[in-house]
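[1] From the sequence below, what's the structure:
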Amino acid sequence: CTETETITVPASPDICLEIPTAYTPNGDGNNDTWEIKGIEFYPKVHLEIYNRWGQLMFESKGYTVQWDGKYKGNDAPSGPYIFIINLENGSEPLQGTVTIIR
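    Down below sits the predicted model:
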């Protein structure tokens, strides 16, 4: 049994992002990718994910492909990762952590 939490960040007066703080990319068909609800309304979004040593693990411009918890085709280890989401709309970048649970 795992417990997850969702952070809701107001991105504009009309659109909110729901950024999960954890997901389980274990191939069972549930929570296998880091799905950020509402991000599709920001087509220029720039997203970066780093491990605890500052190594870039994933990068996307447009976030059309969700992070599947892999790095160079291999499963990234369980644990927390730092994300930076720049909506490219003049607002400050959003930062936080997402945890992979395997």
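[2] measure the residue lying closest to residue 77 once chain neighbours are set aside to residue 83 for me?
    Take residue 77 and drop its neighbours on the chain: the residue closest to it by Cβ to Cβ, 6 or more residues apart in numbering is residue 100, 7.3 Å away. For the C-beta atoms, the positions are set from N, CA and C on the backbone; glycine is no exception. Using Cβ to Cβ, to the nearest Å, we find residue 100 at a distance of 12 Å from residue 83.
[3] does the spatially closest residue to residue 39 that is not a sequence neighbour count as helix, strand or coil?
    Spatial nearest neighbour of residue 39, excluding adjacent residues (Cβ to Cβ, 6+ apart): residue 63 at 5.2 Å. Per DSSP: H, G, I helix; E, B strand; the rest coil, the secondary structure class of residue 63 is coil.
[4] for residue 63, what are its contacts?
    Counting by Cβ atoms under 8 Å, 6 or more residues apart in numbering, residue 63 touches 36, 39, 40, 42, 45, 47.
[5] Can you say which of these are buried?
    Buried subset of the contacts of residue 63 (neighbour count, 16 or more other Cβ atoms under 10 Å): 36, 39, 42, 45, 47.
[6] Including pLDDT, could those go into a markdown table?
    Listed next are the buried ones among the contacts of residue 63 as a markdown table, based on pLDDT from 0 to 100:
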| residue | pLDDT |
| --- | --- |
| 36 | 96 |
| 39 | 94 |
| 42 | 93 |
| 45 | 96 |
| 47 | 97 |
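[7] farthest-separated two in the contacts of residue 63?
    40 and 47 (12.5 Å; Cβ to Cβ).
[8] low-confidence ranges in the chain?
    For the chain, residues meeting the criterion pLDDT under 70 lie at 1-15.
[9] Geometric centre of this structure: which residue is closest?
    Central residue of the chain (Cα atoms, centre = their mean): residue 34, 5.1 Å from the mean position.
[10] Would you confirm that that residue contacts residue 69?
    Yes - here residue 34 lies in contact with residue 69, judged by Cβ atoms under 8 Å, at a distance of 7.5 Å.
[11] Thanks a lot, see you next time.
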